[in-house]
Every structure is written in C-alpha cells, then in structure tokens.
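Asks: please work out how this folds:
(one chain, ligands or ions: 1)
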Amino acid sequence: MSDEQNHNVSRRQFLTYTLTGVGGFMAAGIILPMARFAIDPVLQAESEGDMKAVTDVSELTDTPQRFDFSYEQEDAWNTSEVTETAFIYQSGEEIVALSNTCTHLGCKVSWGSSSDHPNQFYCPCHGGRYEKDGTNIEGTPPTEPLHKYQVEVREGTVYVGKAEPQV
Ligand code: FES
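Replies: Predicted coordinates for the structure are as follows:
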C-alpha cells in the first residue's frame, strides 16, 4: 500500500468518524426530547398515584361502610375523572379499606347484601363471597381476596392510595 493510499484511507476514516459523530449528535438532539415527551406523562401519572381523602375517621364503625371517592387521573395525555369505591371499617387500631371489585371477573361486591350471608361481602354476578377482611370464601368463584387500599390518617381524615392484592 502506497503512502498516498494510506493518506486517502485515513482521510476517509476521518470523514466517516466525523460524519458519524455529527450525525449521532444530531440524532440524539432529535430523539432525546421525543423520548422525554413520550415517557414524561407516564412518569407523571405514576407520581400522581397519591393518597385521596375519603372520609373522617369519626364516620367509621366496625362494620364495612361504602365510600365513593373521585379524583382526576392523568393517563398519558388524557385527563379523566375516576370514581372508586372502598368499603372501610375500623378493626381495633387498624383501618381497613377494601376494594369493591370482585377478584373473579370484576363485578362490584357489597357488604351484607345477601340475606343468607349478612356478614360477608357478596358479588351478585356469580355468587362470589368474601369474609369481612376480604378473604375469598372457598367454594365460591373468586380465587383471591379483595384488594386492599393503602390507608393513611392525617388530622382525622382517612386517605386511601392504591388498592393492592392481599396475596
Ligand atoms: S364476578 Fe364476582 S363472582 Fe364472578
């Protein structure tokens, strides 16, 4: 290989590296803001999964009571009003808040609505039943307990967070 060829190859490499570097830099300048734009609402929605005020502690008894609560939910680029329901009761020092969504196929359960089982949660769709603490009753369709909300009490107000599986 002559000196001239070496020089040409070296110039070609130089141009390749330079163009690759400039191209990469320009691509990063375009792609990174787009990625941030795409991901940011998702991250925001996560961080907004905060606690919602539902009721006063003084309203609670040892019997599960139904409380509906609404809040604005940002789902990527859309904002919508969401209403959820929790059955909340006092169990000694603990405040228990259970989701009313049946873990079988998602119908809505209620407390004491079956005259045959007045001290249980009952799902009218397929006869699913749960104990007061949300435990699914064997022999009925649900195979896992009702989901349980995170609970916090601040200055006499009960706040709930996300409903999570109990298993
Ligand atoms: S959806 Fe509740 S028992 Fe089937």
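Asks: near the ligand, which residues of the chain are found?
Replies: Contact residues, the chain versus the ligand (CB under 6 Å from any ligand atom): 102, 104-105, 107, 123, 125-126, 128, 141-142. For the C-beta atoms, the positions are set from N, CA and C on the backbone; glycine is no exception.
Asks: most neighbours, which of those?
Replies: In terms of neighbour count, C123 stands highest of the residues of the chain next to the ligand at 27 neighbours, by other CB atoms under 10 Å.
Asks: Three-state assignment for A27, please.
Replies: helix (DSSP: H, G, I helix; E, B strand; the rest coil).
Asks: and the residue nearest to P165 when sequence neighbours are not counted, how many neighbours does it have?
Replies: Once flanking residues are discounted, P165 sits nearest to H147: 5.6 Å by CB to CB, 6 or more residues apart in numbering. Number of residues near H147 (other CB under 10 Å) recorded here: 19.
Asks: wait, doesn't H147 sit right on N100?
Replies: No: in this structure H147 lies outside contact range of N100 using CB atoms under 8 Å: 9.6 Å.
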